[in-house]
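> Sequence first, predicted coordinates after that:
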Amino acid sequence: MNPIVSIDDIARAIPSGCRLALPADYAGVAMAVTLPLIRCAPRDLCLVCVPTGGMQVDMLIGAGLVRTIETSAVSLGEAGGAPCFNRAVSLGAIELLDSTCPAVHAGLTAAQKGAPFASMRGLIGTDVLKHRADWRVIDNPFAESPDPVVLVPAIRPDIALLHAPMADREGNVWIGRRRELATMVYASRRAFATVERIVERSLLSDETVAAGVLPALYVEGIALAPRGALPYGLWGEYGTDTAELIRYARAARTGQGFRAYLETAAAECATS
Amino acid sequence: MNPIVSIDDIARAIPSGCRLALPADYAGVAMAVTLPLIRCAPRDLCLVCVPTGGMQVDMLIGAGLVRTIETSAVSLGEAGGAPCFNRAVSLGAIELLDSTCPAVHAGLTAAQKGAPFASMRGLIGTDVLKHRADWRVIDNPFAESPDPVVLVPAIRPDIALLHAPMADREGNVWIGRRRELATMVYASRRAFATVERIVERSLLSDETVAAGVLPALYVEGIALAPRGALPYGLWGEYGTDTAELIRYARAARTGQGFRAYLETAAAECATS
Amino acid sequence: MSTARLPEGADTAAEGAGTPVSAAAPRELLIVTIARLLKGVRHVAVGASSPIPAAAAMLLRARSEAEGAPPVRLSILGSVQHNFFTNGSGELFDCAGQGRIDAFFLGGGQIDGHGNVNLVGTGSYPESSVRWPGSFGSAYLYFVVPRVILFREEHSRRVLVDRVDFVSAPGSSAKGIYRTGGPHALLTSMGVFMFDPQRACFRLVSMHPGRSLADLRAATGFDFDVDPALGETPPPSASELALLRGCVLTELAQTYPDFAARFHTDLARKGAADPLDRPTRSTDPLPAPRT
Amino acid sequence: MSTARLPEGADTAAEGAGTPVSAAAPRELLIVTIARLLKGVRHVAVGASSPIPAAAAMLLRARSEAEGAPPVRLSILGSVQHNFFTNGSGELFDCAGQGRIDAFFLGGGQIDGHGNVNLVGTGSYPESSVRWPGSFGSAYLYFVVPRVILFREEHSRRVLVDRVDFVSAPGSSAKGIYRTGGPHALLTSMGVFMFDPQRACFRLVSMHPGRSLADLRAATGFDFDVDPALGETPPPSASELALLRGCVLTELAQTYPDFAARFHTDLARKGAADPLDRPTRSTDPLPAPRT
């Protein structure tokens, strides 16, 4: 089966109510899918940020597509706070599952391993834990004296969405050192990727390259999207367009400004 | 600090009572360290096979260096059963911690993450579980109805020992797709590697190569040992010398034969 | 699943009548039978030392391709050609735990009538009288791979026992135990049993050519049900044989050159002694997951 | 640890007297002070947006190298040059959990007198009146990194509060709670506090030039102890300044070009307004772990 699809195919594959895993801003964000997804307008998305969210997350929230968000943080980095996220929080418009980076990784790793939960140090005494009714604290059964330890349930997203430098026609995706993307995809039922380029030779045919490959086994569809992470950067390919992030941050300070930004972006997208 | 040491340095670094992690036969066994280690003769080694053992493990047992072994299996593959292991088992000369492959991986992953234990499906109703007094069964605190689940404690070896295709002078080791070696090393307090070759350029200087690198951060010493996995093979480098495995399997059928094999091998080693 | 029958070949011997092929060797029957047991799976994992299951999976894939059916993915552990994994030897187990592996094979030094498998040893534990390598991944995979095919060529009371001495992996689990997989069928050199997970016992559904029910009872250390429609294991069809001896054998030779060469030799001297009856080394309960 | 004092520079200003250097800028004082707080660590991790801690770690490393002391490893998250990790963004946390990271930096929208840190927001939760990005890795790293240095340039009652509104990470834990790490010191634009884990409170050990105890009390929302030997934060020595303005600044420019450029500019127009008093955006409690 040909795994190569269009960006719109990917957007259409994300249904309402989907638990959607998205990478952090430095790790390969499939920004090119954001506007098509907003156009498809699935509702009640439950976002899982791996382990933090940025502009893509902020836009999905701004567009009203998000019901819950599990994340260690949402920000625009150097461009400041995430305006739509912050607004939605203050209005109580989204349900927050505030987490901490290693808890997101631990939950995804548990799902990767088919395990029901992971144990994790730290967290005891934090308000992060206090507000996570879906976590548990047990007494470590291996300890001789009382030793409370947090259990984090497996995080099993319905769909993982990422952007990577390249894929081959079999559907293998090269992610290099960004192995949290592999964990995210292993943990998810389905995965879609956009890529800078599609290469003709199998990425598994060379052992050096293969070491950085996410196998086709896990990836349902791949769309070509050159510079598809912009305004975020992609390691080894291009840097972040901080000016654009700042432009977005300013525009999205109000709901009206956000909508105007979306319209302009959609118009630019249509003419390019 | 210069991470490049000699094979004997590595052998000498492994003390009596050491909990020593060793890779499976297909994953990069530092066979070249076996004879020097037997010469150093540390006692009461507690082997952790990741996740199975072969000729190296059998030789260490035959030489009387091993007190306990945690493993999913020990065999010589196509060459049949592991003679010294089987003999030691029937004599009750070693303590057995019979495991199953994913439990070894789970225990190492827990140690990698600094977690006290991992949860794991399967195992309930097996005699593997019945004989592991160091494992626990709890009722899954996330389940609504009774749901027993096995907890495996973190496996934290003192030392991990492996063989890999190459290292650089900073101490980075290329392990390619064999990522269980990374998990093994992350989980261990110290790690030593033998390698086919030492390259002058940093293995982290190229993103494609870097994706398969175990960083120097984790590796205390590296020794040059060309064809150092023989008679086991090394992926992408050379195949297994099955004839030699069979020769060993025959020789080691008796304790006397095993000792004769060791002497011959040591003599060959000395003259080569 | 309790009423599952051994699926017959979708085509008949007559179908491929245009291609003259010699009669099937016993090993070919095993391969074809496994391929039928795998029908419908999308991802099969095969141990490094399991050429017969690998050949069966290759045959299944070749047939699916020929029929335009959804593709079958085959992961052969330790193979380079058929290794889609890039996350070390743990990935097979992760993948199984994620529900991405539909079928797997287990051997066993002992297999009992309840589908329990012993890969550890005979007699008491830990000082086994005969020690085998160990449980490998069976104590996990047997729980999470939906269609585990027990495959052991030796069919004797030594292997097929009433009660295994050590349960590496249990054939069934009490209600409430997390289990998404388990034994599907047991294939030996004498016949095919399907497993009934509700009743936790085997049902003999077919016997290989030349075997009688009395032979099977005599060689089996456990009680089993007999299917009302018990008959002879359906022989390979001409088209199956053509695929097997053609593209599958070629593909097989890339991963299992020794096995493929022996296969070729056996084909050349048809009618030689049944290779299925060769004794298996007691220390080597293959095919076991070698990972 | 409760009696820890801010270590003074190992060398004195007189030592490097042969090298004429201009007086230290406030930012240089911060860098040098952090480098001293890091003395003895072997592996420091620094957030992607934390140029001052990064510069301090580079300075420490340069000094260690010059002195032939054991090497200092510096991991700058998000940097290519200083990224020794190959296992994704989880590796920092794994590495910390393994005890391989000796020091880390945390900022905080609010920091209270018990060393509690708030990176989430003010007011009630979840509908915060001011929402910051989130806890990042603090709820874990604060427990397992032995020497966490709280670094926040803004020294005000808005930031240094009596009680944080949300505990992203607590300054201390009850007996029996697994904890191998925690706050070591708090550095602001006004002074240096050491943390006493037993009493879970801060002790002011030095004030930056021009600051009085009254200034500090007025700007601090929590009670703190005062060290009997309270004095002025020791200025950078000539050799520290030479290293900082030389090889460290060059190295820093590779990872933080904008910061290094501003640093250069500030050096050029000595005596300009104290850059430490610039207000920090309330939505951006950096330096926070950006991973």
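Alright, I've got the coordinates. From a predicted model like this one, the values you see are computed outputs, not experimental measurements.
> Which helix or strand lies directly C-terminal to the helix or strand where A:L151 lies?
Assigned by DSSP states H and E, A:L151 belongs to strand A:148-153. Using DSSP H and E, the helix or strand that follows strand A:148-153 towards the C-terminus is strand A:159-168.
> to the chain's geometric centre, what's the distance from that next one?
11 Å (C-alpha atoms, centre = their mean, to the nearest Å).
> Can you list the helices and strands that that strand packs against?
Here strand A:159-168 touches strand A:19-23, strand A:173-174, helix A:179-187, strand A:190-199, going by 3 or more C-beta pairs under 8 Å, 6 or more residues apart in numbering or on different chains; DSSP states H and E. All C-beta atoms are positioned from the backbone trio N, CA, C, and that covers glycine.
> Let me have these in CSV, extended by mean pLDDT.
Rendered in CSV, the data for the helices and strands packed on strand A:159-168 read as follows (pLDDT from 0 to 100):
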stretch, mean pLDDT
strand A:19-23, 98
strand A:173-174, 98
helix A:179-187, 98
strand A:190-199, 98
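> Select, out of these, the one closest to chain D.
helix A:179-187 (3.5 Å; C-beta to the nearest C-beta).
> Show residues contacting the closest one.
With C-beta atoms under 8 Å, 6 or more residues apart in numbering or on different chains as the test, helix A:179-187 has contacts from A:21, A:23-24, A:27-28, A:50-51, A:105, A:107-109, A:111-112, A:154-157, A:160, A:162, A:164, A:175, A:191, A:214, A:218-219, C:87, C:94-95, C:98, D:86-90.
> I figured A:G228 hits A:T34, correct?
No. A:G228 is not in contact with A:T34 according to C-beta atoms under 8 Å; the separation is 10.0 Å.
> Give the residues shared as contacts by these two.
With C-beta under 8 Å, 6+ apart, A:G228 and A:T34 have no common neighbours.
> Please work out the average pLDDT along stretch C:44-63.
Throughout stretch C:44-63, pLDDT has a mean value of 91.
> swap that for stretch A:41-59, please
Stretch A:41-59 comes out with an average pLDDT of 98.
> touching chain D at all, that stretch?
Yes. Using C-beta under 8 Å from any C-beta of the partner chain, stretch A:41-59 reaches chain D at A:51-52.
> Pull the number of nearby residues for A:P226.
Here the number of neighbours of A:P226 (other C-beta atoms under 10 Å in any protein chain shown) works out to 11.
> Over to A:R19?
As a burial measure, A:R19 scores 18 neighbours (other C-beta under 10 Å).
> before we move on, what about the one 5 residues further on?
Applying other C-beta under 10 Å, we find 29 other residues in the vicinity of A:A24.
> Which residues are in contact with it?
Shown in contact with A:A24 (C-beta under 8 Å, 6+ apart): A:49-54, A:180, D:89, D:291.
> quick one: pLDDT of the residue nearest the centre of chain C?
Centrality entry for chain C: nearest residue to the mean C-alpha point is C:F151, 3.6 Å, by C-alpha atoms, centre = their mean. Per-residue confidence (pLDDT) for C:F151: 97.
> Contacts only, for it.
By C-beta under 8 Å, 6+ apart, the contact set of C:F151 is C:30, C:34, C:50, C:52-53, C:105-107, C:186-188, C:287.
> which one is the closest residue to chain B within the stretch 101-250 of chain C nearest to, not counting chain neighbours?
Using C-beta to the nearest C-beta, the closest approach of the stretch 101-250 of chain C to chain B is made by C:G134 at 3.2 Å. Nearest residue to C:G134, sequence neighbours excluded (C-beta to C-beta, 6 or more residues apart in numbering or on different chains): B:A73, at 3.2 Å.
> The one you found against B:T52, yeah?
Yes. Here B:A73 reaches B:T52: they are 4.4 Å apart, a contact under C-beta under 8 Å.
> what is in contact with those two at once?
Counting by C-beta under 8 Å, 6+ apart, the residues touching both B:A73 and B:T52 are C:133-134, C:136.
> Many thanks, have a good one.
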